[in-house]
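Peer 1: Let's see this in three dimensions:
(one chain, ligands or ions: 2)
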Amino acid sequence: MDEEALSNLRILVLGASSAAAILFVAARPGASPAKASLSAERKVEQVEKNIKVLNGTPQAQLFPTMRFMSASLGISCDYCHVVKDSNVDFASDEKESKRVARDMIKMTMLANKTTFAGKPEISCFTCHQGQVTPKNLPGLPVPHLDAARAATTLSPSPTPALPPADAIFNKYSVAIGADAAAGKIHSCAVRGSVANASGSTGTYEAGQVIPGKVYETIITSRGTNARVINHNRAWEKTPYEIHPLEGLQLKDTSLTLPLSATIGLRGEYVKAETTKMDQINDRQTYVVTATRGDGKRERLYFDAENSLLLRRVSNTNTVIGVIQEETDYEDYREIGGVKLPTTIRVATVDSLNPTSTRKLESIELNVPIDDAKFAPPIADK
Ligand code: HEC
Ligand code: HEC
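Peer 2: Ligands and ions are numbered 1, 2, ... in the order given. The predicted model follows:
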């Protein structure tokens, strides 16, 4: 879900270690923005030219899936896709590795279906662990398993009693002042900066009018990425195309916006349960597993002491594995009686840009936002 990943959809930086890193841009036809609507979630085979095994996968999952396969093997897109005249021909089956990858996808799908009752337990990473050729033998000498030590590590540790999820949400609401703010906050305008692990930096701007209207614009040297939700219509703009935001992508986008993931947090989930304690840096946290209205499950990490939300992990189940996305919230500051995070770091399965950090320099509540900001994005030039 980060904007840099979106711009990487069609840019491959090849040979980053060689003297000249070359940019390859693959121009492919995008969907017509005029037809953008929430009703139809496009499948990969409806958009792409040469899909033989991923049929039925939502188009929105194609690039995350490709990045997941790349990261699982420690390779970039050109390992499987052929590059011609500085363009990547994604549809071509010229490379043997792409054909092998198809068999691997089929094997992974079959293993999950037949052995794991349809649950996405096996993924490319299960075997590959970041390498092209998986190890299938333990190295010799094998690690010496000390019988006495093995026994002690198995001794059960006492599990502390965990507070119920509702109590955790309530404490969080009090901690950030959400209850006091309820009904009083109608809009929010945010400005700041973005720094990507890939090295690019830029400006960040977002606005939200409750209910139903949000926009987010990120401008880097790579171009403009934007997302707009206007009630039942939504779009995403990358430097190369504009397409509708579909299915799970919609809630995913809404949850990246300042008011949804904070004062509106509880309302994003229909079910929640405290599952364990975990540590983030030096902070103890309660982990709440929460189910969204659209069925997606997320893990929320609340600081056990000050009750603030420190992390949100969102998993997307795909046929080749579970794709994780992690958002960290830091530097909470009080704005108009509400405490909001001002540093937000998103980590995605994207070897070309593993993290993207937003610093919110200005957050204004209840300011008017020009309605034109919620109009469908317009292509550059
Ligand atoms: C391990 C091999 C592998 C890697 C790495 C890989 N792909 Fe793919 N890609 C495939 C296979 C296999 C298909 C076809 C899937 C099918 O037939 O259902 C495909 C299909 C595609 C398609 C659809 C092409 C069409 O028109 O049918 C696009 C677009 C694509 N990949 C983009 C990428 C991008 C971007 C990356 C890098 C982030 C990438 N791929 C990395 C194996 C790979
Ligand atoms: C059950 C284990 C397992 C899983 C799961 C698995 N692979 Fe593999 N894969 C292998 C093994 C083993 C090899 C090496 C075969 C060989 O050397 O002949 C391999 C080889 C490959 C190769 C060829 C590499 C080369 O030598 O160029 C590609 C590409 C590949 N896998 C992609 C994938 C993708 C993509 C996925 C997930 C959809 C995946 N694999 C899932 C075990 C696995």
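Peer 1: Now do the helices in the protein.
Peer 2: Remark: helices assigned in the chain by DSSP state H are 3-8, 44-47, 62-73, 96-114, 124-128, 147-153, 165-176, 178-181, 248-254.
Peer 1: and those helices, which is most packed in?
Peer 2: With neighbours defined as mean count of other C-beta atoms under 10 Å, the helices of the chain peak in mean count at helix 3-8, which reaches a mean of 25. All C-beta spots, glycine's among them, are computed from the backbone N, C-alpha and C.
Peer 1: near ligand 1, which residues of the stretch 1-150 of the chain show up?
Peer 2: Along the stretch 1-150 of the chain, the residues adjacent to ligand 1 under the rule C-beta under 6 Å from any ligand atom are 48-54, 63, 66-67, 69-70, 73, 75, 77, 79-81, 90-91, 97-98, 101-102.
Peer 1: at 5 Å instead, please
Peer 2: On the criterion C-beta under 5 Å from any ligand atom, ligand 1 has as its neighbours in the stretch 1-150 of the chain the residues 48-54, 66-67, 69-70, 77, 79-80, 90-91, 98, 101-102.
Peer 1: Tell me the residues of the protein that contact ligand 2?
Peer 2: For the chain, the residues found near ligand 2 under the criterion C-beta under 5 Å from any ligand atom are 69, 97, 100, 101, 104, 105, 108, 124, 127, 132, 134, 320.
Peer 1: got any ranges where the protein has weak pLDDT?
Peer 2: Counting by pLDDT under 70, the chain shows low-confidence ranges at 1-40, 148-160, 381.
Peer 1: how about the residues of the chain next to ligand 2 in CSV, adding distance to residue 205?
Peer 2: As requested, the residues of the chain next to ligand 2 are arranged in CSV below (distance: C-beta to C-beta, whole Å):
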residue, distance to residue 205
69, 33
97, 41
100, 44
101, 39
104, 41
105, 39
108, 40
124, 36
127, 43
132, 41
134, 44
320, 35
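Peer 1: now residue 66: how far from residue 167?
Peer 2: Residue 66 sits 41 Å away from residue 167 when distances are taken as C-beta to C-beta, to the nearest Å.
Peer 1: ignore the last one, residue 199
Peer 2: Relative to residue 167, residue 199 is positioned 43 Å away (C-beta to C-beta).
Peer 1: cool, residue 49 as well?
Peer 2: Relative to residue 167, residue 49 is positioned 52 Å away (C-beta to C-beta).
Peer 1: Equivalent analysis for residue 46, please.
Peer 2: The spacing between residue 46 and residue 167, counted by C-beta to C-beta, is 46 Å.
Peer 1: And residue 280, by the same measure?
Peer 2: Taken as C-beta to C-beta, the span from residue 280 to residue 167 is 20 Å.
Peer 1: Kindly report the same for residue 330.
Peer 2: Distance of residue 330 to residue 167, computed by C-beta to C-beta: 24 Å.
Peer 1: So residue 330 sits against residue 345, correct?
Peer 2: Yes. The pair residue 330 / residue 345 is scored as a contact, 7.2 Å apart, by C-beta atoms under 8 Å.
Peer 1: So for those two, which residue has more residues nearby?
Peer 2: For residue 330 against residue 345, the residue with the higher neighbour count under other C-beta atoms under 10 Å is residue 345, and the figures read 19 against 15.
Peer 1: Hmm, the more buried one is touching residue 328, no?
Peer 2: Yes. A contact is recorded between residue 345 and residue 328 when judged using C-beta under 8 Å, the distance being 4.5 Å.
Peer 1: Setting the sequence-adjacent residues aside, check what's closest to residue 354.
Peer 2: residue 197 (4.8 Å; C-beta to C-beta, 6 or more residues apart in numbering).
Peer 1: With residue 50 instead?
Peer 2: In space, not counting the residues next to it along the chain, residue 50 is nearest to residue 91; the distance is 4.2 Å by C-beta to C-beta, 6+ apart.
Peer 1: Now do the contacts for that neighbour.
Peer 2: Applying C-beta atoms under 8 Å, 6 or more residues apart in numbering, one finds that residue 91 lies in contact with 48, 49, 50.
Peer 1: how about the second one, what does it touch?
Peer 2: The neighbourhood of residue 49, defined by C-beta under 8 Å, 6+ apart, consists of residue 91.
Peer 1: Distance of it relative to residue 260?
Peer 2: Summarising the geometry, the distance separating residue 49 from residue 260, computed by C-beta to C-beta, is 36 Å.
Peer 1: thought residue 249 was touching residue 60?
Peer 2: Yes. Under the criterion of C-beta under 8 Å, residue 249 makes contact with residue 60 at 4.7 Å.
Peer 1: and residue 94, what are its phi and psi?
Peer 2: As for residue 94, its main-chain torsions (degrees, to the nearest 10) stand at phi -60, psi -40.
Peer 1: What segments of the stretch 251-381 of the chain are strands?
Peer 2: Across the stretch 251-381 of the chain, reading from the start of the chain, the strands by DSSP state E, counting those that start in this stretch fall at 269-280, 283-292, 297-303, 309-318, 321-335, 338-348, 355-365.
Peer 1: Now render those as CSV, adding distance to residue 241.
Peer 2: Compiled in CSV, the strands of the stretch 251-381 of the chain are given as follows (distance: least, C-beta to C-beta, whole Å):
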stretch, distance to residue 241
strand 269-280, 32
strand 283-292, 27
strand 297-303, 28
strand 309-318, 21
strand 321-335, 22
strand 338-348, 20
strand 355-365, 20
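Peer 1: quick revisit: any idea which of the residues of the chain next to ligand 2 is closest to residue 218?
Peer 2: Sorting the residues of the chain next to ligand 2 by how near they are to residue 218, with C-beta to C-beta, puts residue 69 at the top with 25.7 Å.
Peer 1: The closest one: what's its closest spatial neighbour, skipping adjacent residues?
Peer 2: Excluding its sequence neighbours, the residue lying closest to residue 69 (C-beta to C-beta, 6+ apart) is residue 124, at 5.4 Å.
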